[in-house]
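A.B. asks: Whatever this is, show me its structure:
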Amino acid sequence: MIAVALAAVAAAAWGQPINGISVSSYTALALEAAPEVRSAEDAWRAADAAYKAQLAAMAMPTLAFAGTANPYGHNPANSYQFQTWRLNRSDMAFNTTLNYNVFNSFQDLQKTRSAALAREAALRTLSAARQDRAFLAIQAFYELDSKNELLEVARQNLKAQREQYQQSLDLYNHGMKSLADLLKSETDWRSSELRLVFSEADQKNALVTLNTLIERPSLEDISLAASLVPGTTDLPSIGSDQARALAQRPEVATARKQAERAKVAWEQAVQGLLPSFKVDAAWNRNDTASFSAPSSSLGAPNPNYTVGLSLSLPFGFNGVSQAYAVAQAKAERRRAESAVASAERSVRQEVAGAYISLEKALRSHAVAAVKEEIARRALELVGSQYRQGSADAIRMNQAQNDF
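C.D. replies: Numbering: from 1, shown residues only. Sure, this is the predicted structure:
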């Protein structure tokens, strides 16, 4: 399937006709060409990178490195003695610090949870975009196939009406049909021509839709390998299907992840009201310039390391801003929860509608199959009577249109 899809993509890129494409291959082409899918995929990649960056920030230590030198002028590292231009290794000072946050009141954990939920929501959004585009592609594929069949029916009807007119003209010339029958046959013939015009326009509109989804020239011909054989279909259980849809539909999963993320944001806002307790482990090494006194001579070990504890109010704390931030986060959480309920309700309604549509389609198809057989037999009977002169043009046209 992948090879077929790639070959079809190459053909589409050069605007060449595509012959015998299946619905699965066409759907793959549509997904490949869809800007909505590419945008959703880029959004997921960005969210994935943001999550990994935050995870690394939480789990890994940080490294700081600084190097200083004063190549000209009064050097503060050398008791402000004036020196002409020089940049020797012995005149440079370096500082290396390795810091690891052991605990910071779960702030990093909450940020990582939020990033993880954002990534999951982006992944579900990507799945929803793929699903929507695939469904649209399948609809366009079978819509064109349907219009192709209806166009062929219109052509066959025009051929039959033309033949009926020729027959009516022959019978009229032999005195077996009236002028009214002849005019009726010609009117039906012209009506069939009009139906063909409309069928051709519908077929072209469907072709434009299909080609647009895979970025081909609008009216470029395409041959479809459609295979739809209706058979015995048992109606599913609407209750189990609704439960499965609620569990699998990506838009519902996206709404749930966003609701979880809104809850995390509310928890972070509540944390903003509380003092922040931090535990940090640090390691530091100083390499001073050779003309300066070494740090060890001042009683400071080199390198040195510490485990520090700190308790502080959040940055910019005034109480009022933090309280309103909590209120905002709480409202956002309620909004996200309402969005979940709305998405679940929409899915339940869509499943019920699909169930009703399927039931109607199955029953309609069964009745239509019987009706087609009756119309075929009626057309044969009326056609025989018309050739013998015992049936008029109105009955003949009605039988033809019924079939």
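A.B. asks: In terms of helices and strands, where is Asn19?
C.D. replies: According to DSSP states H and E, Asn19 maps onto strand 18-21.
A.B. asks: Name every strand pairing with that strand and say which way it goes.
C.D. replies: Under the criterion DSSP bridges, strand 18-21 sits next to strand 222-224 (parallel) in its sheet.
A.B. asks: rewinding a little: from the middle of its chain, how far away would the strand holding Asn19 be?
C.D. replies: Here strand 18-21 is found 25 Å from its chain centre; the criterion is Cα atoms, centre = their mean, to the nearest Å.
A.B. asks: right, and the helix or strand after it?
C.D. replies: Counting by DSSP H and E, the next helix or strand C-terminal to strand 18-21 is helix 23-33.
A.B. asks: Show me what whichever helix or strand comes after that next one packs onto, helices and strands only.
C.D. replies: Using DSSP H and E, the helix or strand that follows helix 23-33 in sequence is helix 35-59. Applying 3 or more Cβ pairs under 8 Å, 6 or more residues apart in numbering; DSSP states H and E, one finds that helix 35-59 contacts helix 107-173. Quick note: C-beta positions are derived from backbone N, CA and C, even for glycine.
A.B. asks: and the angle from the helix it packs on to helix 23-33?
C.D. replies: Computed by axes from the mean of the first three to the mean of the last three Cα atoms, to 10 degrees, the angle separating helix 107-173 from helix 23-33 equals 130 degrees.
A.B. asks: Let me know the angle separating helix 107-173 from helix 35-59.
C.D. replies: Computed by the same axes, to 10 degrees, the angle between helix 107-173 and helix 35-59 is 170 degrees.
A.B. asks: Summarise which helices and strands helix 107-173 is packed against.
C.D. replies: So helix 107-173, by 3+ Cβ pairs under 8 Å, 6+ apart, packs with helix 23-33, helix 35-59, helix 179-213, strand 222-224, helix 250-271, helix 320-388, helix 393-402.
A.B. asks: any weak-confidence spans in the chain?
C.D. replies: Where the chain drops to pLDDT under 70, the residues are 1-18, 228-233, 291-299.
A.B. asks: Please identify the nearest residue in space to the residue nearest the centre of the chain, excluding sequence neighbours.
C.D. replies: The chain has Ala129 as the residue nearest its centroid, 0.8 Å off, counting by Cα atoms, centre = their mean. Nearest residue to Ala129 in three dimensions, chain neighbours excluded: Ala40, at 3.9 Å (Cβ to Cβ, 6 or more residues apart in numbering).
A.B. asks: can you put the helices and strands packed on helix 107-173 in CSV and add distance to Arg86 and mean neighbour count?
C.D. replies: Below are the helices and strands packed on helix 107-173 laid out as CSV (distance: least, Cβ to Cβ, whole Å; neighbours: other Cβ atoms under 10 Å):
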stretch, distance to Arg86, mean neighbour count
helix 23-33, 62, 21
helix 35-59, 40, 15
helix 179-213, 70, 17
strand 222-224, 76, 16
helix 250-271, 52, 20
helix 320-388, 53, 14
helix 393-402, 104, 18
